[in-house]
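Novice: My questions concern the predicted model and sequence given below.
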Amino acid sequence: MTPTPALFISFKSLQENFVTLIELIGFGESFGWLATLLAGISISFLIINVMVMATAFYTWFERRMIARFQVRRGPNRNGPFGMLQPFADVLKLIMKEDTIPDEADKPVFTLAPIALLAPTLMIMIVIPFGTFVNEEAYLSNLNIGILFIVGVTSVNSIAIFMAGWGSRNKYAILGSMRGAAMLISYEIPMALGITSVLILSGSLAMTEIVRSQSVWFILVMPMGFFVFMAAATAEMSRTPFDQIEAESELGSGYNTEYSGIKFAVLFLAEFMAPIVTAAVVTTLFLGGSHGFDFLPGGIWFALKMFIVIFGLLWLRSTWPRLRIDQIMGFAWKTLFGLGLFNIFLVAVEFTLADQFGEVVRTKGPEGGITATSLTTEYMLIMAAVNWIITIAVILIMANVVGRKKYTRPEPTPSPLANMGLGEN
Amino acid sequence: MYGLGLFKGLGITMKNLVSPSRQFNIVQYPNRRASPFDLAKLDNQNPVSFIATHPLKTFRSLLGLETITDRMPQHPNFRGEEFVWYDSRCTGCASCAKYCPLGIIEIVTGTSGVNQQEGQSYDIEVFDIDIGRCMFCGLCVEACPYDALHMGSGFEEGKYRRSDLIINVDQLKSAEKKPSTWFRPQLTNRGHDPIKGSTADWEEVGRHEKPSLEDQNEKWAKR
């Protein structure tokens, strides 16, 4: 075992510290539950606060970067480079009146922001931040990590529907109806993208997925990465997929009736989504905390997250919003097919690897196989093959799906066009 | 090929981010943060001596507390708020009031009588322009036969009450005479530029040359 630096925080070490502390105070061993509870609460407190602060700065960064992309200045009045803008925003929102519409479904209306925020935060439980020495998660190394994430994120669609339904506003309900349709559709390509990762890693645990990436999965299966990223962008409902809160058509969608602190919480959840998504993408496809030795793993993880977030911002600042039928068509006609094809491809390659004996299987403590990984050489060959196939398939797909020969209809003459000028 | 435009767009936005020259076109309208170099330029000093002589100002500007105004230069034809009106040219004919499509100009004349050099004219007792409803079409200025009413060249005339937006005759009389050159080619020909701060007296704004003394003797005195 490598020695743990002083900065290393994990649930286990904290719990042990609390156990010794409780024993020092004079309680017996029967108070072990208290140590567990205290450790859990303190780590949750830490993570929630860090996430909220990160989101605050992320909003500043997003506004600033999108402004630069679109030849504007972002917020630049409060503090150096406008960095205090998120605090001003939050202060304003807290001081505003928190209104609930008369005919709103009050419990649903009130619960919706919490229902939207909680799953987003819960994802952070299983992200292996690669603290400073290994790929451990802060709170828990669930062995069904990615399944947990898929399950928890699908609560989002319920929360958005709660918000739209509860506020009894036609724009809100329209936005959330679109949201429900869109989010549920995009769960499927997202799950397909994840499945191809699981075939190679052989485990649902996030830590095992990171460990099996001796070559990053973005190189090994770019098609899976494309499918997952597209689906994830839609899942957090950002441009080009922001039909849920299409400002130009729906007011602002499901959050039309929200104000004050509830609105702040809704937007906190919304802006936290890119950070969390970046963390998940980093874990699944970018090799988590893997990197070169001169920096600790946590820093590498943050750097990769930053690159993913930057990419998302770039897309957001450039592309316009799609129509709802285009969005649904993209999910079911393009992404679904690509995802299935990617799974097929990876499965065939994995079977071949098994034939050649290139698969390394890790045995668990009870003798069962807990994780698999391929040898680096085989992964590199796979990467070369898959890149060629991916580019070919995406080009073919773009031309098949995109090639619609629109014939311009014959212009119908206006009945008033030749009034009084007829030949007769 | 289908879908290539997506990447073209990405390229354009990336160019916006990377190339600094695109950022220099931005005007940060009311004011912007001033760097020590900007302040030195304002003081007509070189930066080094400015920093040496004004350490406090330099420190404040590094903290971002010093601001300088930043606005787009307006065209001299700009139809701004605050009309420019020349008491000495106005005869009280109320053409402007008649031509105003919104009917927001109110003129009341009296016959107390101040004789001007070019014949009889009425005293203007009330000249109210309701700027709050004005759409700055400039028809009143076009209608004025004596070039007494001009568009102004200013803006930022926000007020706290609607009633404050009504300009009365005293305000018109005492306002700074910086007429816009809109619909007044004679002002442009004379090199008048309100944006650079030049003012125009009532004798300079007419579309006709003032007849010389000889001319007056020829045409008027001998008749």
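Specialist: Structure received. Just so it is clear, the model here is predicted, and its values are computed rather than measured. Residues are numbered from 1 along each chain as shown, chains lettered A, B, ... in the order given.

Novice: count of neighbours near the closest residue to chain A within chain B?
Specialist: Closest residue of chain B to chain A, C-beta to the nearest C-beta: B:Tyr2 (3.1 Å). Glycine gets a C-beta too; all of them are placed from N, C-alpha and C. Neighbours of B:Tyr2 under the rule other C-beta atoms under 10 Å in any protein chain shown: 14.

Novice: Could you pull out the strands in chain B for me?
Specialist: Ranges of strands in chain B, per DSSP state E, are B:31-33, B:67-69, B:80-85, B:105-110, B:123-130, B:149-152, B:166-167.

Novice: partners of the first one, with directions?
Specialist: To tie it back to what came earlier, the one meant is strand B:31-33. Next to strand B:31-33 in the sheet, as set by DSSP bridges, lie strand B:67-69 (antiparallel).

Novice: before we move on, the earlier item: among the strands of chain B, which is the most enclosed?
Specialist: Mean neighbours per residue, mean count of other C-beta atoms under 10 Å in any protein chain shown, is largest over those for strand B:149-152, with a mean of 25.

Novice: returning to that earlier point: put together CSV for the strands of chain B, with mean pLDDT and distance to A:Phe341 on each row.
Specialist: Below are the strands of chain B laid out as CSV (pLDDT from 0 to 100; distance: least, C-beta to C-beta, whole Å):
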stretch, mean pLDDT, distance to A:Phe341
strand B:31-33, 82, 53
strand B:67-69, 84, 58
strand B:80-85, 86, 64
strand B:105-110, 88, 74
strand B:123-130, 88, 69
strand B:149-152, 91, 67
strand B:166-167, 90, 72
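
Novice: Export those strands as JSON lines, with columns for distance to A:Met95.
Specialist: What follows is those, written out as JSON lines (distance: least, C-beta to C-beta, whole Å):
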{"stretch": "strand B:31-33", "distance to A:Met95": "26"}
{"stretch": "strand B:67-69", "distance to A:Met95": "26"}
{"stretch": "strand B:80-85", "distance to A:Met95": "34"}
{"stretch": "strand B:105-110", "distance to A:Met95": "44"}
{"stretch": "strand B:123-130", "distance to A:Met95": "36"}
{"stretch": "strand B:149-152", "distance to A:Met95": "39"}
{"stretch": "strand B:166-167", "distance to A:Met95": "36"}
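
Novice: So which bits of stretch A:27-43 are buried?
Specialist: A:31, A:35, A:38-40, A:43 (16 or more other C-beta atoms under 10 Å in any protein chain shown).

Novice: send the alpha carbons of it over as PDB?
Specialist: Output of stretch A:27-43 as PDB, limited to C-alpha atoms (Å, rounded to 0.1, in the frame of the first residue of the first chain):
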ATOM      1  CA  PHE A  27     -18.400   6.200  24.900                       C
ATOM      2  CA  GLY A  28     -18.100   2.500  24.300                       C
ATOM      3  CA  GLU A  29     -17.900   0.500  21.100                       C
ATOM      4  CA  SER A  30     -21.700   0.500  20.900                       C
ATOM      5  CA  PHE A  31     -21.500   4.000  19.500                       C
ATOM      6  CA  GLY A  32     -19.900   2.800  16.200                       C
ATOM      7  CA  TRP A  33     -23.000   4.000  14.300                       C
ATOM      8  CA  LEU A  34     -22.400   7.500  15.600                       C
ATOM      9  CA  ALA A  35     -18.900   7.500  14.000                       C
ATOM     10  CA  THR A  36     -20.400   6.300  10.700                       C
ATOM     11  CA  LEU A  37     -23.100   9.000  10.800                       C
ATOM     12  CA  LEU A  38     -20.600  11.800  11.700                       C
ATOM     13  CA  ALA A  39     -18.200  10.700   8.900                       C
ATOM     14  CA  GLY A  40     -21.000  10.600   6.400                       C
ATOM     15  CA  ILE A  41     -22.400  14.000   7.400                       C
ATOM     16  CA  SER A  42     -19.100  15.700   7.400                       C
ATOM     17  CA  ILE A  43     -18.100  14.400   3.900                       C
END
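
Novice: give me the low-pLDDT residue ranges for chain B?
Specialist: For chain B, applying pLDDT under 70 flags the ranges B:1, B:112-121, B:220-223.

Novice: interface residues of it facing chain A?
Specialist: B:1-3, B:6, B:9-10, B:12-14, B:16-17, B:22-23, B:25-26, B:28, B:33, B:64 (C-beta under 8 Å from any C-beta of the partner chain).

Novice: Where is the longest helix in the chain?
Specialist: By default, I'm working from chain A. Counting by DSSP state H, the longest helix found in chain A is helix A:32-69.

Novice: Can you look at chain B instead?
Specialist: In chain B, assigned by DSSP H, the helix with the most residues is helix B:4-18.

Novice: my read: B:Tyr29 touches B:Thr67, true?
Specialist: No: B:Tyr29 lies out of contact with B:Thr67 (C-beta atoms under 8 Å); the separation is 11.9 Å.

Novice: From A:Ser176, how far off is A:Leu121?
Specialist: Shown here: A:Leu121 relative to A:Ser176, a distance of 21 Å by C-beta to C-beta, to the nearest Å.

Novice: Which other helices and strands does the longest helix of chain B contact?
Specialist: Using 3 or more C-beta pairs under 8 Å, 6 or more residues apart in numbering or on different chains; DSSP states H and E as the contact test, the elements touching helix B:4-18 are helix A:32-69, helix A:297-318.

Novice: Is any residue of the next helix or strand after the last one near chain B?
Specialist: Where DSSP states H and E defines the elements, the next helix or strand beyond helix A:297-318 is helix A:324-329. No: remark: helix A:324-329 sits outside contact range of chain B, by C-beta under 8 Å from any C-beta, the gap being at least 12.8 Å.

Novice: what's downstream of helix A:324-329, the next helix or strand?
Specialist: helix A:336-356.

Novice: per-domain residue ranges of chain A.
Specialist: A:9-23+A:35-87, A:96-400 (automatic domain parsing).

Novice: Identify, out of these, the most deeply packed stretch.
Specialist: Of the domains of chain A, domain A:96-400 is the most buried (mean count of other C-beta under 10 Å), at a mean of 19.

Novice: For A:Phe228, identify the helix or strand it belongs to.
Specialist: helix A:222-235.

Novice: Which strands or helices does that helix pack on?
Specialist: If you count contacts as 3+ C-beta pairs under 8 Å, 6+ apart, helix A:222-235 packs onto helix A:170-201, helix A:217-220, helix A:260-285, helix A:336-356, helix A:376-402.

Novice: what domains does the record give for chain B?
Specialist: B:21-69, B:80-196.

Novice: deepest of the ones you listed, which one?
Specialist: Among the domains of chain B, ranked by average contacts under mean count of other C-beta under 10 Å, first place goes to domain B:80-196 (a mean of 16).

Novice: Endpoint to endpoint, that one covers what distance?
Specialist: One end of domain B:80-196 sits 15 Å from the other (C-alpha to C-alpha, to the nearest Å).

Novice: Contacts only, for whichever residue of the stretch 51-200 of chain A sits closest to chain B.
Specialist: Proximity of the stretch 51-200 of chain A to chain B (C-beta to the nearest C-beta) peaks at A:Phe69, 4.4 Å away. For A:Phe69, the contact set (C-beta atoms under 8 Å, 6 or more residues apart in numbering or on different chains) comprises A:313-314, A:317-318, B:13-14, B:16-17.

Novice: Could you check how far it is from B:Ser19?
Specialist: 12 Å.

Novice: So which residue is dead centre in chain A?
Specialist: Residue closest to the mean C-alpha point of chain A, counted by C-alpha atoms, centre = their mean, is A:Thr277 at 2.3 Å.
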